[in-house]
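K.L.:
Make a model of this:
(one chain, ligands or ions: 2)
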Amino acid sequence: MNSTVRLAVQKSGRLSEGSMKLISSCGIHVSNGKGKLKAMASNFPIEFLFLRDDDIPGYVADGVADLGIVGENVVAEKDKDVKAIKKLGFSRCRLSIAIEKSKPYKGIQDLEGKNIATSYPKILGDYLSKNGVKADIHEISGSVEIAPSIGLAEAVCDIVSSGSTLFTNGLKEVETIYRSEAVMIANHNLDAEKEEIINKLLFRIEALQSAQNNKYILLNAPEQSLDKIISLLPGMRSPTVLPLAEKGWVSVHSVINENDFWEKIEGLREAGAEGILVVPIEKMIL
Ligand code: ATP
Ligand code: ZN
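P.N.:
Ligands and ions are numbered 1, 2, ... in the order given. Predicted structure coming up:
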């Protein structure tokens with residue numbers, strides 16, 4: 001196979017570290033020398049393009065890049081013809097509307113006729129019209145949070161992670177309008193060879209994601225509680241059971257899900273399990 005897939009990632013910013021960490025966890029080596037626009041992976045048919053995040057959906061839609069890693073917020077805002085193929089779980093943030101702390105706020109209708117500064121006119125416009133509110137959207141490209149204090153707008157709509165930037169600018173968050181995380185996007189018209197490379201990459205990403213959601217568990221149990229313990233631990237196929245040197249005792253190994261982790265542990269202890277060890281899994285292929 002001679003084909004290479006071009007993957008656009010953010011050159012520097014809040015997506016860069018997560019994007020490159022994901023790639024390296026997939027066992028793909030790339031040296032992105034500072035200031036370079038392109039780099040080729042040494043052990044996987046991928047070429048990286050390092051771009052501003054705002055340009056990524058457009059380049060993927062036009063086919064300059066086959067794939068991109070970008071925030072869902074930017075995909076929704078740019079509204080280009082790309083398909084989102086995998087949520088990636090990093091760079092989580094929300095897009096919120098904020099007004100001056102001292103102003104009263106009863107509900108979204110209070111924004112009627114107001115002037116709102118944002119870098120996200122499309123997402124904001126869609127949200128307001130869905131809620132039947134007419135407001136003036138003032139598009140600015142940066143430092144949105146200072147707009148009210150300089151008299152440019154009465155409200156802002158911006159990315160929030162902790163809310164401290166809003167607070168130091170005398171603002172309070174009143175509506176969350178969009179939740180975002182990093183997502184892998186793809187061009188709609190890829191040939192079979194490129195699809196095959198992308199499927200290999202997705203297979204590796206899915207192995208990492210399953211591993212992150214699961215833990216490997218080892219415990220000791222008296223043989224007579226084994227049935228109860230096995231019923232609590234389905235495992236990937238079924239748990240591994242090994243005899244201990246001490247007669248009447250066994251060691252049980254299995255995989256448990258992060259979501260019901262503490263409930264499972266409590267149940268196992270009640271059933272007589274001892275010496276429970278829980279260890280992270282690096283990769284998991286189902
Ligand atoms: P560029 O120079 O590439 O245009 P930028 O300044 O527009 O970068 P960043 O601030 O690096 O963008 O944010 C990139 C993306 O990271 C955002 O579109 C959003 O999806 C996500 N993001 C933004 N702020 C945060 C945050 N505080 N925490 C987590 N993720 C964030
Ligand atoms: Zn940007």
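
K.L.:
quick one: strands adjacent to the strand or helix carrying Gly275?
P.N.:
Counting by DSSP states H and E, the element that carries Gly275 is strand 274-280. Within its sheet, and counting by DSSP bridges, strand 274-280 is paired with strand 214-222 (antiparallel).

K.L.:
who's in contact with the partner strand?
P.N.:
Applying C-beta atoms under 8 Å, 6 or more residues apart in numbering, the contact partners of strand 214-222 are 229, 233, 244, 248-258, 261, 268, 271-281, 284. All C-beta spots, glycine's among them, are computed from the backbone N, C-alpha and C.

K.L.:
So how do I select the buried members of the residues you listed in ChimeraX?
P.N.:
Those of the contacts of strand 214-222 that count as buried under 16 or more other C-beta atoms under 10 Å are selected in ChimeraX with:
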select :229,233,250,252,254,255,256,268,271,273,284
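
K.L.:
Using PDB, write out every CA atom in the strand holding Gly275.
P.N.:
Extracted C-alpha coordinates of strand 274-280, given in PDB (Å, rounded to 0.1, in the frame of the first residue of the first chain):
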ATOM      1  CA  GLU A 274      -9.700 -10.100  50.000                       C
ATOM      2  CA  GLY A 275      -6.500  -8.600  48.800                       C
ATOM      3  CA  ILE A 276      -8.200  -6.800  46.000                       C
ATOM      4  CA  LEU A 277      -5.800  -5.200  43.500                       C
ATOM      5  CA  VAL A 278      -7.000  -2.800  40.700                       C
ATOM      6  CA  VAL A 279      -4.600  -1.900  38.000                       C
ATOM      7  CA  PRO A 280      -4.800   0.300  34.900                       C
END
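
K.L.:
For the chain, what lies in contact range of ligand 2?
P.N.:
Proximity of the chain to ligand 2 (C-beta under 5 Å from the ion) is limited to residues Asp53, Asp54.

K.L.:
do that again at 8 Å, thanks
P.N.:
Neighbours of ligand 2 within the chain, by C-beta under 8 Å from the ion: Gln10, Gly13, Arg52, Asp53, Asp54, Val74.

K.L.:
Tell me the secondary structure at the fifth one.
P.N.:
Spelled out, it's Asp54. helix (DSSP: H, G, I helix; E, B strand; the rest coil).

K.L.:
pretty sure it contacts Val75?
P.N.:
No - contact criterion C-beta atoms under 8 Å: Asp54 and Val75 do not qualify, at 10.8 Å.

K.L.:
wait, isn't Ala61 in contact with Asn187?
P.N.:
Yes - with contact defined as C-beta under 8 Å, Ala61 and Asn187 form a contacting pair (6.9 Å).

K.L.:
Spit out the residues that contact those two alike.
P.N.:
With C-beta under 8 Å, 6+ apart as the test, Ala61 and Asn187 both reach Val82.

K.L.:
and Pro243, how many neighbours?
P.N.:
11 (other C-beta atoms under 10 Å).

K.L.:
That one touches Leu226, doesn't it?
P.N.:
No - under the criterion of C-beta under 8 Å, Pro243 is not in contact with Leu226, lying 11.2 Å apart.

K.L.:
which residues are in contact with both of the two?
P.N.:
Counting by C-beta under 8 Å, 6+ apart, the residues touching both Pro243 and Leu226 are Val250.
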